[in-house]
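S.K.: Provided below for reference: sequence and predicted model.
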Amino acid sequence: MLTKMTFFERFERDILSGAKTITLRDEAESHVESGQILPVSTFETDRWFCDIQIVDVTPVSLSELTDVHAEQENMTLAQLRNVIAEIYPGLEQLFMIRFNVLPQ
Ligand SMILES: CC(=O)Nc1ccn([C@@H]2O[C@H](CO)[C@@H](O)[C@H]2O)c(=O)n1
């Protein structure tokens with residue numbers, strides 16, 4: 001089970017504002033469960049910026065991604081596909097983690 005999550009700094013603002021409510025991860029980063037509370041820090045400098053509570057985790061393949069997923073990432077579907085291609089080149093099986101930011 002994961003005990004923390006990291007996000008790229010460029011997504012910090014969207015996470016804190018509630019504009020980004022999901023993240024798509026590979027299998028290794030999918031080991032969280034509903035209700036779990038995790039500290040979140042930046043990937044670049046490991047700076048804590050919030051705690052999140054996991055809503056649920058659902059497998060989703062790259063080809064199944066829709067505008068609904070993109071909207072929950074505060075991106076267009078084309079932008080989301082580009083981001084995933086950069087982070088997880090060649091990976092088809094992803095896991096959608098829905099989360100709420102806890103008040104600080
Ligand atoms: C820093 C680190 O370890 N890994 C990741 C992996 C993914 N993501 C974000 O999740 C969504 C879909 O993948 C996009 O918004 C990504 O940018 C992230 O921020 N950090």
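M.R.: Received, thanks.
S.K.: Could you double-check that Met1 sits in contact with Glu29?
M.R.: No - distance between Met1 and Glu29: 11.6 Å, which falls outside the contact criterion (CB atoms under 8 Å). In this view, the C-beta of every residue, glycine as well, is placed from N, C-alpha and C.
S.K.: What is the strand ranked longest in the chain packed up against?
M.R.: Identified as the longest strand of the chain according to DSSP state E is strand 48-61. Judged by 3 or more CB pairs under 8 Å, 6 or more residues apart in numbering; DSSP states H and E, strand 48-61 is in contact with helix 12-17, strand 37-42, strand 93-101.
S.K.: near the ligand, which residues of this structure show up?
M.R.: Residues of the chain lying close to the ligand (CB under 6 Å from any ligand atom) are Thr6, Phe7, Phe8, Phe11, Thr23, Leu24, Arg25, Phe43, Glu73, Val83, Ile84, Ile87.
S.K.: what's the most buried one of the helices and strands packed on strand 48-61?
M.R.: Among those, strand 93-101 has the highest mean neighbour count (mean count of other CB atoms under 10 Å), at a mean of 18.
S.K.: Ramachandran coordinates for Ser63?
M.R.: Backbone dihedrals for Ser63, given as degrees, to the nearest 10, come out at phi -70, psi -20.
S.K.: Can you check what pLDDT the model gives the nearest residue to it once chain neighbours are set aside?
M.R.: Among residues not flanking Ser63 along the chain, Glu92 sits closest, at 7.1 Å (CB to CB, 6 or more residues apart in numbering). Among the per-residue scores, Glu92 holds a pLDDT of 98.
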